[in-house]
Every structure is written in structure tokens, then in C-alpha cells.
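S.K.: The amino acid sequence is not available; the structure is as follows:
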């Protein structure tokens, strides 16, 4: 940047109010640079002795600016003043992105571990080119300012299994990879299915184990959809869309896809139909719609899937377009209609982002065709794209890191993944300001729908699936009213698609003070499990709200739960993961401590 532009930037910057330490550092650094240039111009015409004095002054000024930067953190480039916003494309590696692209999520879509020389991760990251998106954490809100909280349902689990992969490989995950709600919704809290109709609603509260003080309480809300046995689910029309670009050859990703699809086929019924499409440089129909009773033909097609070695082009737009065209031709309103995407999410040709893919492919698709986005592979993986595709296409998102996880998705929970029971689900809590002073929704940052009239798309809950949400609340001192708030679950029943004068059915439940116990230790195992899971996630993402918490604080909570649920394999594994995270963090801290 030349001197005139720099001085103009400084002049323009000083005319606005500075609201953050980073901006303050920018201004100080910019002023320092401007002073340096003015001094350099002046001394060109002075005696050498004055030059020496001026240079010394400049050095002192530069050192001062450096100390300011060191004290306040990274200073964004001065392009911030000229219509750009800094974006990190690698750890601590900012670049300028035009402001007009920020509305499409560019300001938050980041990678962890840039790629240098092929597959070598940059900046000592464990894996190259991992794409995640960070979201601002939910704040604590005073009920006098806003007493209604609304968010879309979410039963995704991809974030939890990606973090599990990091920890099992001996690494702490990037903070932006953690979505607390996907940790919460991985576990079984013992909700019983509704006796008739649906859904079943569960409400429980207790003092917060991890809150700042004794005035903080946790409120757990559970929603359980009705269960449908595998024999009674609808017949399914499935289009399986498989990424066969060269990246799918890394770490035998395509091999894991084939094994997973074999499990899926073994769980389907003879009346179900399957079609397979492969995409890489382009897209091709590998298998036309075929009934599962012709299993040998389907298995042959699955086993033929192989990465296009040497072809680095991935045209997800072409693949999705062909898949939805075929799903539309197969569509039967009496059956399950679903596209199952198996990919690493790294698209580089055609539309490559979730918003552009939605606009070009998904926006005009027939209602009733759902998407399951199933992620494979570590390193060169786009979690952001896969998760957002599922959200925007009435779908669900999962990540397969082990063959056991493939079984959990395609065998144990197949009915829930395939058949939607509750569509366009919104959860709304209206807190009583006379009783509740403040509240904070833990997680669901990218599913928030605003206050009382929050718009936006709801989420889908499959048959037998459950959703869990936690609020951290503070009661108003001296309040003697019994009503804490009202919970409203708004949904469209996917089976009947019933709508009454444009309004979807709402299930209302009251939240009373009697729903809150007086001791965390006396709360149900499911409540304590949810609290521990959420705190584990908050610590991993270095949440502002978990600054004083440690992994070792969570371990005894989960140990106590495991004593009451000794056969719960997921809780057993969770305990192991927390212990691993604690060990990795301690080893990292010990390695950075100065040696005496």
C-alpha cells in the first residue's frame, strides 16, 4: 500500500468509533506506519545526524507497535479498511475476502491444516485441508430483553464422530469442528417412545454442575418421535450418490463406502429399490433403479465403484443434479424417497458451496425427497459442506470413522435415517420473565431461528429418533411463581403432511419449578450424562462459558453415570475419549512449559 492510501486509511479509520482491541491495534499500527513514512520523507533533506535520530525514533515506535500487537493478538491486514474482511484459510493465516461474499458464509468457512507439497499438513496440523465453519456462541440473554428462544430441530451426529477420530488418533480437534448439539444427540437418554401419536416430550431441571455459581440451573428438553419397526416402515426408493474422485482413494475411503453399502443392502427389504450414481469429473448412472431382490446385480455395481486415479476434479453439482433427477423419476408419495450421498465433501468444479448448490440443484426439487449426507475420510474433508447440504435439503448428516459407526447408521438406526416422522420441526421456549432472569441455549448456533416469530426452515426427526437440548438459566431471586415457561414443538407430520389453514400442529408443554430438582447428583442418569457431554464439547471448543472447566471435572460425572448404565457402550467410549483428551492436553501443556 502506498503512503497516500495508508494516510487515507488512517484518516478514515479515526473518524469511526473503535469497538474492539483488534481494531485498536490496527489503528495504532497504521498510525505508527504513517508516522514512519512521514519521518522518512522528512529526513531525506536533513543532515545525517538528524537521520540517525529519526531512524532511532522510528525503531522505538515500531517496537512499541509490535508490543501492542503481541498484547492484543493478531492484527488483520489493512485491506479491512477497503471493503474486505479477514478470513482464515489455515491456522493463523488470514486472507482478504470481498464483503459481498460474506453473506454466503465465506467469513466463517475455514480450513484446519493447509496443504503443502501434496498431503503434508501445514502448521503442524494433524491432517491437511480440513474444512469447518465456526459460529458465534449463543449469549446469555436477559428475559427483559427477549424471553422467547426458537431453534430448528437437529439430530445430526457428524461433529461427534469427527472429534472421536481426532482424539483416537491422538490429537485435540480444532475448536470450530465442535457442534455441541451433535454431541448431545449422539447419546441415548432413555426416552420412552410416545404411547400414541407423537412425539413424547421430556423436561427435567437441576442445579448446574458446571455453572459459575449456585444460581445457575440446567434445563433439559427431550423430544422422542414414534418408533416404527423395520417390518412396518414404508418401502424405500433410494438413489445412492458416490464420490469417486481421486481423493476418495486416500486411506481406502471408497473401500469403507463399499463396506457400508453392503451393510445397507443387507438391512433393506426385497421390495425396496436402489439406484447408484457415481460422480467425479462428471456424473454417470452406475445402476438403474433395481429392486433389492436382485441383490447380486446391486452388489456387483457397488463393488465396481473405484476412485478415478489421476482425476482431481470433483463435480458435486453434476452428481447431485443427476441424483435428484433420478429420484424425481422414481418418486412415489407412498414410499420413502431419499438420496444418500457418500463423499468427502471436497467439490472443486461447478457449484462448490452449500448455498450455490442449493440454489442450482436443491431449491426446486420435489418436496418429499430427503437427503442423507454421509461423510468419509480424514484430511481433505469438507465438514462444512456436508453438514450444510443436509440442513438445506431436509436431511441428516453423519460421519463414518469406523466400521462400527457404519453399522450404527446403516443397520441399528436405519429406520430412523430413512423414514421421517416429524418434518419442519421447530422448538420454542417462552420463559416467564417474572421467574427466569436469563437463559442460554447450549449449542444449536447454526439452527437458531430468532425469537417469537423466528422464520426459517425447521429440521427433520426420523422414526424413533430423539432430539435433546439444554438451557443454562438463572432464576430471579425472590420469585414465587410456579410457571417457568412454555415449550412449544411445532411440526408437520411427515406421514400425513397435515396442515390446518397453513398452520402446522403444535404440541405445548408447561415447564414448572417442580420440574427442577434441588441436587445435580440426584438428577436422572440421562440428565447428568447430557450435562457431562455438553461440558466436554464446550471445553473442546474453548467456550467462553467453560473457561474454568477441565476435562478432569467431567470425568467423575460420566464415571457415575456408567455405574448406573454399565452396558452402555457409547458412554463407556465417551469416558475413554474424555480421558484421552485430558492426557493429550496435559502432554501438550508439559511440552510447552519452559525447562528449568
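M.R.: Looks like it arrived, so ask away. Everything numeric here is computed off the predicted structure, so don't read it as measured data.
S.K.: Not counting its own residues, what contacts stretch 432-444?
M.R.: Contact with stretch 432-444 is made by 138-144, 147, 149, 151-152, 154, 179-184, 429, 431, 448, 469-477, 479, 481, 483-485, 513, 534, 537-538, 545, as judged by CB atoms under 8 Å, 6 or more residues apart in numbering. All C-beta atoms are positioned from the backbone trio N, CA, C, and that covers glycine.
S.K.: Check the offset of it from the chain's centre.
M.R.: How far stretch 432-444 lies from its chain's middle: 23 Å, per CA atoms, centre = their mean, to the nearest Å.
S.K.: And that stretch, what's buried?
M.R.: For stretch 432-444, the neighbour count (16 or more other CB atoms under 10 Å) marks 432-433, 435-444 as buried.
S.K.: for the residue nearest to residue 387 when sequence neighbours are not counted, what are its contacts?
M.R.: Nearest residue to residue 387 in three dimensions, chain neighbours excluded: residue 397, at 4.8 Å (CB to CB, 6 or more residues apart in numbering). Counting by CB under 8 Å, 6+ apart, residue 397 touches 156-158, 372-375, 386-387, 389-391.
S.K.: Please apply the same query to residue 581.
M.R.: Contacts for residue 581 were tallied using CB under 8 Å, 6+ apart; they are 167, 172, 536, 539-540, 551.
S.K.: switch the cut-off to 7 Å
M.R.: By CB atoms under 7 Å, 6 or more residues apart in numbering, the contact set of residue 581 is 167, 172, 540, 551.
S.K.: ok, now residue 278?
M.R.: 242, 244, 284, 286, 305.
S.K.: Wasn't it part of a strand?
M.R.: Yes - going by DSSP: H, G, I helix; E, B strand; the rest coil, the assignment for residue 278 places it inside a strand.
S.K.: residues near the closest residue to it other than its chain neighbours, how many?
M.R.: Distance criterion CB to CB, 6+ apart; nearest residue to residue 278, sequence neighbours excluded, is residue 244 at 4.6 Å. Using other CB atoms under 10 Å, residue 244 has 28 neighbouring residues.
S.K.: now residue 244: how far from residue 472?
M.R.: To residue 472, residue 244 is 45 Å away according to CB to CB, to the nearest Å.
S.K.: And for residue 565, the neighbour number?
M.R.: Burial of residue 565 is recorded as 16 neighbouring residues (other CB under 10 Å).
S.K.: correct me, but it touches residue 575?
M.R.: No - in this structure residue 565 lies outside contact range of residue 575 using CB atoms under 7 Å: 11.1 Å.
S.K.: returning to what we had before: farthest-apart pair in the contacts of residue 397, please.
M.R.: Spanning the widest gap among the contacts of residue 397 are 157 and 389, at 15.5 Å by CB to CB.
S.K.: show me what contacts residue 458?
M.R.: Counting by CB under 7 Å, 6+ apart, residue 458 touches 152-153, 424-426.
S.K.: Which pLDDT does the model give it?
M.R.: If you check residue 458, the pLDDT there is 91.
S.K.: Please enumerate the helices of the stretch 451-596 of the chain.
M.R.: Here the stretch 451-596 of the chain has its helices, by DSSP state H, counting those that start in this stretch, at 525-540, 551-564, 569-592.
S.K.: Need the winner for burial among those.
M.R.: Highest mean neighbour count among the helices of the stretch 451-596 of the chain (mean count of other CB atoms under 10 Å): helix 525-540, with a mean of 25.
S.K.: Check the offset of that helix from the chain's centre.
M.R.: On CA atoms, centre = their mean, the centre of helix 525-540 falls 17 Å from that of its chain.
S.K.: Give me the nearest residue to the residue nearest to the spatial centre of the chain, chain neighbours excluded.
M.R.: Centroid-nearest residue in the chain, with CA atoms, centre = their mean: residue 179, separated by 4.4 Å. By the measure of CB to CB, 6+ apart, the closest residue to residue 179 outside its immediate chain neighbours is residue 159, 4.1 Å from it.
S.K.: quick one: the one you found and residue 183, what's the gap?
M.R.: 7 Å.
S.K.: Just the buried residues of stretch 143-150, please?
M.R.: 143, 147-150.
S.K.: ok, now stretch 510-521?
M.R.: Neighbour-count burial for stretch 510-521, counted by 16+ other CB under 10 Å, picks out 511, 515-517, 520.
S.K.: And for stretch 194-209?
M.R.: Residues 198-209 are the ones in stretch 194-209 that count as buried (16+ other CB under 10 Å).
S.K.: helix, strand or coil for residue 346?
M.R.: From three-state DSSP, the assignment for residue 346 is coil.
S.K.: Start the count at 25 instead of 1 going forward.
M.R.: Okay, using 25 as the starting number, the last item reads as residue 370.
S.K.: Contact partners for the nearest residue to it once chain neighbours are set aside?
M.R.: Computed as CB to CB, 6+ apart, the closest residue to residue 370 that is not its neighbour in sequence is residue 406, at 5.0 Å. With contacts defined as CB under 7 Å, 6+ apart, the neighbours of residue 406 are 155, 368-370.
S.K.: Max pairwise distance over the residues you listed: which two?
M.R.: It's 155 and 368 that sit farthest apart of these, by CB to CB, at 9.9 Å.
S.K.: Tell me which of the two has more neighbours.
M.R.: Using other CB under 10 Å as the criterion, residue 155 and residue 368 rank with residue 368 on top: 26 against 22.
S.K.: who touches the residue nearest to that one when sequence neighbours are not counted in this structure?
M.R.: Of all residues not flanking residue 368 in the chain, residue 401 sits nearest, at 4.4 Å (CB to CB, 6+ apart). Going by CB under 7 Å, 6+ apart, residue 401 touches 274-275, 277, 368.
S.K.: Which parts of this protein belong to which domain?
M.R.: 27-105, 108-157, 167-252+445-549, 260-442, 550-616 (automatic domain parsing).
S.K.: which one of these has the lowest average pLDDT?
M.R.: Of all these, mean pLDDT reaches its minimum on domain 27-105 (a mean of 39).
S.K.: can I get the buried residues of stretch 167-174 in TSV with secondary structure and distance to residue 320?
M.R.: Shown next, in TSV, are the buried residues of stretch 167-174 (DSSP: H, G, I helix; E, B strand; the rest coil; distance: CB to CB, whole Å):
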residue	secondary structure	distance to residue 320
167	coil	62
171	coil	60
172	strand	56
173	strand	53
174	strand	50
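S.K.: want to throw those into CSV with distance to residue 442?
M.R.: Converted to CSV, the buried residues of stretch 167-174 look like this (distance: CB to CB, whole Å):
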residue, distance to residue 442
167, 40
171, 38
172, 34
173, 31
174, 28
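S.K.: re the thing from before, in PyMOL, select just the buried ones from the contacts of stretch 456-468.
M.R.: Buried residues within these, by 16+ other CB under 10 Å, are selected in PyMOL with:
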select buried, resi 162+164+165+167+171+173+175+176+178+203+204+205+206+207+208+453+455+472+493+494+495+496+497+498+499+500+508+509+558+561+562+569
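S.K.: Which of the contacts of stretch 456-468 fall within strands?
M.R.: Counted as lying in strands by DSSP state E, out of the contacts of stretch 456-468, are 165-166, 173, 175-176, 453, 455, 493-499, 507-509.
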